[in-house]
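Asks: Sequence and predicted structure are below.
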There are 2 protein chains.
Amino acid sequence: MPDPARRNDRSRLAILDAARQLLAETRYADLTIEAIAARAGVGKQTIYRWWRGKGAVILDALVDAAANADLALPDTGDLHTDLRAVMRATVAEFADPRLSATTRALTIETLADDDLAGQVRDRLLRPQLDAVQDRLRSGQAAGQIRADVDLGQAVELLFGPLYHRWLLRTGPLTDAYADGIVELAMTAIGQPGGTETPGGSSIVKTVP
Amino acid sequence: MPDPARRNDRSRLAILDAARQLLAETRYADLTIEAIAARAGVGKQTIYRWWRGKGAVILDALVDAAANADLALPDTGDLHTDLRAVMRATVAEFADPRLSATTRALTIETLADDDLAGQVRDRLLRPQLDAVQDRLRSGQAAGQIRADVDLGQAVELLFGPLYHRWLLRTGPLTDAYADGIVELAMTAIGQPGGTETPGGSSIVKTVP
């Protein structure tokens, strides 16, 4: 006996899979609902029954892929090291021409569509930003971040400059840039004195 | 005797003026080259002779308006105060529905057009970012910013979070948010100890 619910699930997964495959092969601008339907072996109407348009399918395909990824940051105990790793990975995504083209195209759609913007924020970005915030929270619990720091603001202090540079193309997106922002942000949110030896001993070092 | 160069100048200014007027009356999406031409009293072809499309005309209209504005930050001697002023003004622009709609529309065009993106960056944004960097430089000269701070990175540490919040709609754009980012950024780039009395006297204050 055929099971319509199972068949729907299979079609849905085939469509998301096809969307991801085509995203890796085609420019976003050239990617069509027709091509996704053909690759997934379903009719175009099946896609339009479940999604409003290309942006919505792509979002679901990306959310679906992210759902299987472990977003948690490493916790080596060294907050600098862990933040450098996630910031370098983000810079690498922005610097990758294909990933950047997808982000660019999805950003265009979110700028023109409030509902899609909310979904991208809540389903795609928020889990990633929350993962960073979780790591900052454990750093705060360990006394590496000042108790009065708003961790949501701290996340934006880290990622804001990367988005700014990517969006406005104000400079190269490199590991060195990622490291520099981590350094500045950690100075902003870390305990005064930071990783240096506290107390009077530092004065001795400045004597020529 | 008619002077074609003068007539061209007059037409050009009339077109830019019409573009700015319409931008204040119409949604960017509904703003057409035809409407700009009609308002300016020129033929559509005159606009297409000088500009590639709507994005390019709007950019020139905004650059032309900015050219008459004094971008320099106030220099009260108090860097915190001066940065809070410029950050609050930027937040107010992002929070203004009409200005934000224009920025949003122009951002969409820059994400799809590398040449326009470069022009927006170099002609519209760079002068504004440079003005902030100039104020940071005088603060650095006055010893309020550490000598090893990269001032370009410092500008992105300030404005990146605002753009992040505006682009991704991760939270409200308020004066309090602007002030909070200034506080964090100044902790990152300021002299250790900040505005407090330097040296051993601060220890005395912590004695109960």
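Replies: Perfect, I can see it now. Numbers count the residues shown, from 1 in each chain, chains lettered A, B, ... in the order given.

Asks: Which residue, neighbours along the chain excluded, lies closest to whatever residue of chain A ends up closest to chain B?
Replies: Closest residue of chain A to chain B, CB to the nearest CB: A:Gly160 (3.1 Å). For the C-beta atoms, the positions are set from N, CA and C on the backbone; glycine is no exception. Nearest non-adjacent residue to A:Gly160, counting by CB to CB, 6 or more residues apart in numbering or on different chains: B:Gly160, 3.1 Å away.

Asks: rewinding a little: wouldn't the residue of chain A closest to chain B be in contact with B:Leu162 here?
Replies: Yes - A:Gly160 is within contact range of B:Leu162, at 7.3 Å (criterion: CB atoms under 8 Å).

Asks: And those two? Which one has more around it.
Replies: A:Gly160 (27 against 21; other CB atoms under 10 Å in any protein chain shown).

Asks: Give the next helix or strand downstream of the host helix or strand of the more buried one.
Replies: Applying DSSP states H and E as the criterion places A:Gly160 in helix A:151-168. Heading C-terminal from helix A:151-168, the first helix or strand you meet, by DSSP H and E, is helix A:175-189.

Asks: what's the angle between that following helix and helix A:151-168?
Replies: Interaxial angle of helix A:175-189 relative to helix A:151-168 (axes from the mean of the first three to the mean of the last three CA atoms, to 10 degrees): 150 degrees.

Asks: neighbouring contacts of helix A:175-189?
Replies: With CB atoms under 8 Å, 6 or more residues apart in numbering or on different chains as the test, helix A:175-189 has contacts from A:79-80, A:83-84, A:87-88, A:90-91, A:136, A:145-146, A:149, A:154, A:157-158, A:161-162, A:165, A:171, A:194, B:149-150, B:153-154, B:156-157, B:184-185, B:187-189.

Asks: Could you rerun that using 6 Å?
Replies: Under the criterion CB atoms under 6 Å, 6 or more residues apart in numbering or on different chains, residues A:80, A:83-84, A:87-88, A:91, A:145, A:149, A:154, A:157-158, A:161, B:153, B:157, B:184, B:187-188 lie in contact with helix A:175-189.

Asks: Only whichever of those residues are buried, select them in ChimeraX.
Replies: Buried members of these, identified by 16 or more other CB atoms under 10 Å in any protein chain shown, are gathered into one ChimeraX selection as follows:
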select /A:80,83,84,87,88,91,145,149,154,157,158,161 /B:153,157,184,187,188
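
Asks: what about A:Trp51, how many residues close to it?
Replies: Neighbour count for A:Trp51, taken as other CB under 10 Å: 19.

Asks: so who does it touch?
Replies: Residues in contact with A:Trp51 (CB under 6 Å, 6+ apart) are A:Val57.

Asks: Up against chain B, what does chain A have?
Replies: Chain A comes close to chain B at residues A:104, A:107-108, A:111, A:117, A:121, A:125, A:153, A:156-157, A:159-161, A:163-164, A:168-169, A:180, A:184, A:187-188, as judged by CB under 6 Å from any CB of the partner chain.

Asks: Can you name every helix or strand that the helix or strand harbouring A:Leu59 contacts?
Replies: For A:Leu59, the enclosing helix or strand under DSSP H and E is helix A:54-67. Here helix A:54-67 touches helix A:4-25, going by 3 or more CB pairs under 6 Å, 6 or more residues apart in numbering or on different chains; DSSP states H and E.

Asks: Helix A:4-25 and the helix or strand following the helix it packs on, what's the angle between them?
Replies: Following helix A:4-25 in sequence order, the next helix or strand is helix A:33-40 (DSSP H and E). Angle between the axes of helix A:33-40 and helix A:4-25 is 110 degrees (criterion: the same axes, to 10 degrees).

Asks: Give me the contacts around helix A:33-40.
Replies: Outside helix A:33-40, the residues touching it (CB under 6 Å, 6+ apart) are A:14-15, A:18-19, A:22, A:44, A:47, A:54.

Asks: what's the angle from that helix to helix A:54-67?
Replies: Angle of helix A:33-40 versus helix A:54-67, following the same axes, to 10 degrees, is 40 degrees.

Asks: I would like the residues contacting the following helix or strand past helix A:33-40, please.
Replies: With elements assigned by DSSP H and E, the helix or strand that comes after helix A:33-40 is helix A:44-50. By CB under 6 Å, 6+ apart, the residues outside helix A:44-50 that reach it are A:33-34, A:37.

Asks: What is the nearest of these to A:Val132?
Replies: Nearest to A:Val132 among the contacts of helix A:44-50: A:Ile33, at 34.0 Å, using CB to CB.

Asks: Tell me the spacing between the residue lying closest to the closest one once chain neighbours are set aside and B:Ala35.
Replies: Setting aside the residues directly before and after it, A:Ile33 is nearest to A:Ile47 in space (CB to CB, 6+ apart), at 5.4 Å. According to CB to CB, to the nearest Å, A:Ile47 and B:Ala35 sit 37 Å apart.

Asks: Any quick PyMOL command for the buried ones out of the contacts of helix A:33-40?
Replies: In PyMOL, this line selects whichever of the contacts of helix A:33-40 come out buried by 16+ other CB under 10 Å:
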select buried, chain A and resi 14+15+18+19+22+47+54
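
Asks: Where does pLDDT dip in chain A?
Replies: Within chain A, the segments meeting pLDDT under 70 span A:1-2, A:193-208.

Asks: what's the neighbour count on the closest residue to A:Asp150 other than its chain neighbours?
Replies: Excluding the flanking residues, the one nearest A:Asp150 by CB to CB, 6+ apart is B:Gly180, at 6.6 Å. Residues lying near B:Gly180 (other CB under 10 Å) number 19.

Asks: Show me the domain layout of chain A.
Replies: What the record gives for chain A is the domain set A:4-54, A:79-189, from automatic domain parsing.
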